[in-house]
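K.L.:
how would this look folded up:
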Amino acid sequence: MCENRVLILADSEDDNSYRISNCKFVRTYKKLSFLRRIMRNISVLVGFTLTPWHREINNYRTIIIFDGEITIALLKYLKRKTKNTRIIVYYRNTVATVPQKIHPNKIRSLGCELWSYSKDDCKKFRMNYNMQFINVNYFNRRPTKSAEIEYDVIFVARAKDREQLIEECYNHCVSQGLKSYFYVPDGWHNPNNKCKIAGQAIPYKEYLKLVKKSRAIIDLVSDTNFGLTWRAVEALFLNKKLITNYREIINYDFYNSNNILLYSKDANIENFIKQEMVTIPEDIIMEYDVKKWLERFFYDDSEALNKK
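P.N.:
Sure thing, here's the model as predicted:
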């Protein structure tokens with residue numbers, strides 16, 4: 001890491017699990033009541049909604065804010081309270097799916113840098129590219145023994161207007177005799193769903209236990225959230241096969257047809273599952289760890305970064 005002290009304004013307690021030199025992940029807001037949700041959009045009141053990080057704000061030379069946290073009031077607050085501080089808004093989701101619906105040009109006009117995981121959004125909105133990331137220390141990367149495997153494929157995600165695609169994929173897997181675990185808490189539901197907490201999101205640690213018991217992760221991207229997802233990076237770090245409809249994945253450095261199948265209605269998933277996996281070099285895998293992600297914000301050659 002560089003000598004820069006970095007503050008990252010995150011959206012959940014899980015993000016506090018990161019331990020990186022010269023960098024601190026914090027939860028941005030206090031628990032949001034109805035009143036605080038209103039206050040965080042008002043410039044003179046937003047300070048009252050923040051967790052204690054704001055008291056030490058001038059200890060940091062760079063502040064990175066995830067897209068789920070941004071309000072115009074917060075960005076103005078940061079500009080007002082800091083001097084010569086680099087403020088970066090990083091999109092972990094596509095602009096089209098961020099609830100706040102703040103146009104990137106508005107954020108840019110406030111003197112903030114715009115970065116995204118989505119290559120399409122980078123071209124569309126003139127952002128800097130920094131690939132999807134994950135915290136390697138969060139995972140148990142011990143290889144799964146054959147006796148521990150319970151499922152051939154697993155899909156756990158919210159529907160997000162993909163019900164028809166999810167249903168099609170599920171039926172396609174079942175028709176090929178695959179042991180399939182599908183769980184969609186906000187919409188599509190199948191009576192064969194084995195999840196014991198139907199109607200609720202699965203805690204991330206519990207989800208990872210399910211992944212360890214599976215041979216392959218299914219990743220279905222939508223037209224509005226088109227890019228490399230966490231699911232793809234999870235498969236990479238956990239040495240699981242990936243079935244995805246994100247066709248641009250063939251251009252990534254970790255792509256191998258033995259490990260990654262491009263989903264279609266005619267895909268032979270059964271044969272794909274039976275193929276031996278190809279080991280991906282560790283140096284390629286670690287490019288997607290949070291430490292490398294942080295380093296890329298400080299590369300001198302931004303042109304080289306945007307070609308990665």
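
K.L.:
what about the strands in this protein?
P.N.:
Secondary structure of the chain, counting by DSSP state E: strands at 6-10, 23-27, 62-66, 86-91, 113-116, 128-129, 151-156, 180-183, 214-219, 241-244, 260-262.

K.L.:
Adding distance to Ile38, write those out as TSV.
P.N.:
Bear in mind the C-beta positions are built from the backbone N, C-alpha and C, glycine included. Formatted as TSV, the entries for these read as follows, by distance: least, C-beta to C-beta, whole Å:
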stretch	distance to Ile38
strand 6-10	19
strand 23-27	19
strand 62-66	20
strand 86-91	22
strand 113-116	26
strand 128-129	32
strand 151-156	33
strand 180-183	34
strand 214-219	36
strand 241-244	39
strand 260-262	45
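
K.L.:
Tabulate these (TSV), appending mean neighbour count and distance to Glu276.
P.N.:
What follows is those, written out as TSV (neighbours: other C-beta atoms under 10 Å; distance: least, C-beta to C-beta, whole Å):
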stretch	mean neighbour count	distance to Glu276
strand 6-10	23	38
strand 23-27	19	38
strand 62-66	21	38
strand 86-91	21	36
strand 113-116	20	35
strand 128-129	18	33
strand 151-156	22	15
strand 180-183	23	22
strand 214-219	24	12
strand 241-244	23	10
strand 260-262	20	14
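
K.L.:
Nearest to Pro52, out of the ones you listed?
P.N.:
Ranking these by proximity to Pro52 (C-beta to C-beta) places strand 23-27 first, at 8.2 Å.

K.L.:
State the pLDDT value of the most centrally placed residue in the chain.
P.N.:
Centre of the chain computed as the mean C-alpha position; nearest residue by C-alpha atoms, centre = their mean is Trp230, 4.3 Å away. Trp230 is assigned a predicted lDDT (pLDDT) of 90.

K.L.:
about what we covered before: the strands of the chain into TSV, with extra columns for mean pLDDT and distance to Ile42?
P.N.:
Below are these laid out as TSV (pLDDT from 0 to 100; distance: least, C-beta to C-beta, whole Å):
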stretch	mean pLDDT	distance to Ile42
strand 6-10	93	18
strand 23-27	90	20
strand 62-66	96	18
strand 86-91	97	19
strand 113-116	98	24
strand 128-129	96	30
strand 151-156	95	37
strand 180-183	91	39
strand 214-219	97	39
strand 241-244	98	41
strand 260-262	98	46
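
K.L.:
so where's this protein shaky on pLDDT?
P.N.:
Within the chain, the segments meeting pLDDT under 70 span 1-4, 12-19, 140, 147, 187-199, 301-308.

K.L.:
Do a quick rundown of the helices in it.
P.N.:
Taking DSSP state H as the test, the helices found in the chain are 34-39, 72-81, 104-109, 119-125, 163-175, 204-212, 230-238, 269-274, 282-285, 290-296, 302-306.

K.L.:
could you measure His172 against Lys265, distance?
P.N.:
When distance is defined by C-beta to C-beta, to the nearest Å, His172 is 6 Å away from Lys265.

K.L.:
again, but for Gln176
P.N.:
Between Gln176 and Lys265 the distance is 12 Å, computed by C-beta to C-beta.
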